[in-house]
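> What shape does this take:
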Amino acid sequence: MEISKRLMLYLKQNDYFKCEFVQFSMNKLIIMRAFWITKETFLAMDCARITLHGNKDLPIRDFVSQWLSSRNTRFEWLKMTGNMRWNNEEQINWNDGFEPMKWNSAIRGRNFRISSYQRVDCEKGIDFLREDGMLATVAQSRSSTIYFIVWHKRFQPEADRLQLDHR
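Residues are numbered from 1 along each chain as shown. The predicted structure follows:
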């Protein structure tokens, strides 16, 4: 089955459910209860916008590394909730193999529009500049939601008046 626009999956929690490699390629992918997504499936996702709820083992660092070494111009953002790898006790070392930067208001805006009514505050995010000039940010909300955002439009003043995305 080929889906090109949007796919939303909601699976009940099942400790016995196993799914091997799946290739997702669409504009928007939303997976509620993404417990079954493997590292291989995660790293092979070719979607513009990805929302994953509830998988504590997905390697955000590998995802960022893969994007940095790619020429992908389609990807816009990734939002992961329920990811326990990045929390107060276990921080990811972004300095190891990366060249992270702090937010600079002359380079990009503070807020990123994630939907028509919600924004992500990226002030405390970690920025990465790709070889081709694309800028991306990894940010974490107070509720431990992880965002990986690509700034196709670096300044989004319209996002400043939107509600903060905190789910």
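
> Show me where the chain has its strands.
For the chain, the strands defined by DSSP state E occupy 6-10, 25-32, 46-53, 77-81, 111-113, 118-121, 126-129, 135-140, 146-150, 163-164.

> so what does the fifth one touch, helix or strand wise?
Using 3 or more Cβ pairs under 8 Å, 6 or more residues apart in numbering; DSSP states H and E as the contact criterion, the neighbours of strand 111-113 among helices and strands are strand 118-121. Where you see a C-beta, it was placed from the backbone N, CA and C, and this is true even at glycine.

> Just grab the bridge partners of the residue most central in space within the chain for me.
By Cα atoms, centre = their mean, the chain has its centre lying nearest to residue 78, at 2.1 Å. Beta bridges link residue 78 to residue 50, residue 148, judged by DSSP bridges.

> who's in contact with residue 150?
67, 75-77, 134-136 (Cβ atoms under 8 Å, 6 or more residues apart in numbering).

> count of neighbours near the nearest residue to residue 20 once chain neighbours are set aside?
Excluding its sequence neighbours, the residue lying closest to residue 20 (Cβ to Cβ, 6 or more residues apart in numbering) is residue 38, at 7.4 Å. Residues near residue 38, counting by other Cβ atoms under 10 Å, number 16.
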